[in-house]
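Trainee: 3D model of this:
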Amino acid sequence: MQYVQIMSQPADAPRRPSRSAASAPDAPESAAGGRAAAQRLKMRRELAAAAMELFATKGYEATTVDEIAATAGVARRTFFRHFRSKEEAIFPDHDDTLVRAEAVLNAAPPHEHPLDTVCRGIKEVMKMYASSPAVSVERYRLTREVPTLREREIASVARYERLFTRYLLGHFDERDHHTGNDDPLLAEVAASAVVTAHNHVLRRWLRAGGQGDVEAQLDHAFDIVRETFGSGIGAGRTSPGSSTATSPATGTGTGTGTERSSAAAAQVRTAAGGEVLVALARTDAPLPEVMRTIEQALKKR
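Mentor: Model prediction:
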């Protein structure tokens, strides 16, 4: 796998000033911006709580924006400064959660497997739901009953999936489209698998009334995704002009000029006196990935 550490940015994106160039007055401005963002999120959550309360007591169709604003103790125009419609009001945290998930991706350690990074990123979404179990359970009930809300939830999920797909694709050499390179396909499928695994665990947790160790359930689901896709990404790749291919099953070359893109590969081989495990790993490979590769090889004995 050929890692690319630079995320794509608009050509006209302003350069971030260096620490030495930062001026002292910037600190108060940053603090003020942080307070404003916190106040904005607080108001959005208060409006969302008012909307949820009214939807539960009066019903979604019978509830008006004016009633939501009045219940929250604000004017109608304040509501529309935060939300464009009443259905949008019950999803107050998705925008901020998307920003946090992207921050996880951007701050990933240089040698972390991209799939592990994506799994950590989507945990920000689960944290959002788990922070208010009662609200999340009620919101889930509403989205199942109201088609408009269900469509908006689906649209939110699609935003996360696009974010993670772009991230995984950004860590492959997309110019390398020779025969046998399935990395771009695997990147898209793996991103979808991570999102699907997350949503499966989330739905099961919500149906259980928000009870249970949802983080442990999520880790188990991600282990399945990693086992299915983690060792496959980067397999079957050869360097330009190479006359030999890398074995997708073992990651070992059959001649010179072969390039292994994954961080680790392992194979159980027959030798005098019994079977032995042969493992190959980069010196900078993360230990969890090496151990996971060895475990997978042992399971296939």
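
Trainee: okay, CA-based contacts and neighbour counts for the rest of this
Mentor: Fine.

Trainee: Would you confirm that L105 belongs to a helix?
Mentor: Yes: under DSSP: H, G, I helix; E, B strand; the rest coil, L105 sits within a helix.

Trainee: need the contact list for it.
Mentor: Counting by Cα atoms under 8 Å, 6 or more residues apart in numbering, L105 makes contact with 117-118, 121, 167.

Trainee: and which of these is nearest to T228?
Mentor: Within the contacts of L105, proximity to T228 (Cα to Cα) peaks at V118, which comes in at 14.9 Å.

Trainee: since we're on that closest one, how many residues are nearby?
Mentor: Residues lying near V118 (other Cα atoms under 10 Å) number 24.

Trainee: Please apply the same query to G212.
Mentor: G212: 12 surrounding residues under other Cα under 10 Å.

Trainee: quick one, what contacts it?
Mentor: W205.

Trainee: if I've got this straight, it is in a helix?
Mentor: No: per three-state DSSP, G212 lies outside any helix segment and is coil.

Trainee: now it: how far from L202?
Mentor: 11 Å (Cα to Cα, to the nearest Å).

Trainee: likewise A51?
Mentor: For A51 relative to L202 (Cα to Cα), the value is 22 Å.

Trainee: now swap in R166 and tell me
Mentor: 23 Å.

Trainee: same thing with D66?
Mentor: Distance from D66 to L202, by Cα to Cα: 32 Å.

Trainee: more neighbours, these two?
Mentor: Just comparing D66 and L202: by other Cα under 10 Å the higher neighbour count belongs to L202, 23 against 15.

Trainee: Now that one: which helix or strand?
Mentor: If you go by DSSP states H and E, L202 is part of helix 183-207.

Trainee: Tell me the buried residues in that helix?
Mentor: Buried residues in helix 183-207, counted by 16 or more other Cα atoms under 10 Å: 183-184, 186-188, 190-199, 201-202, 205-206.

Trainee: Can you lay out the contacts of L105 as JSON lines showing distance to S85 and pLDDT?
Mentor: Putting these into JSON lines (distance: Cα to Cα, whole Å; pLDDT from 0 to 100) gives the following:
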{"residue": "T117", "distance to S85": "34", "pLDDT": "91"}
{"residue": "V118", "distance to S85": "31", "pLDDT": "91"}
{"residue": "G121", "distance to S85": "28", "pLDDT": "93"}
{"residue": "Y167", "distance to S85": "31", "pLDDT": "88"}
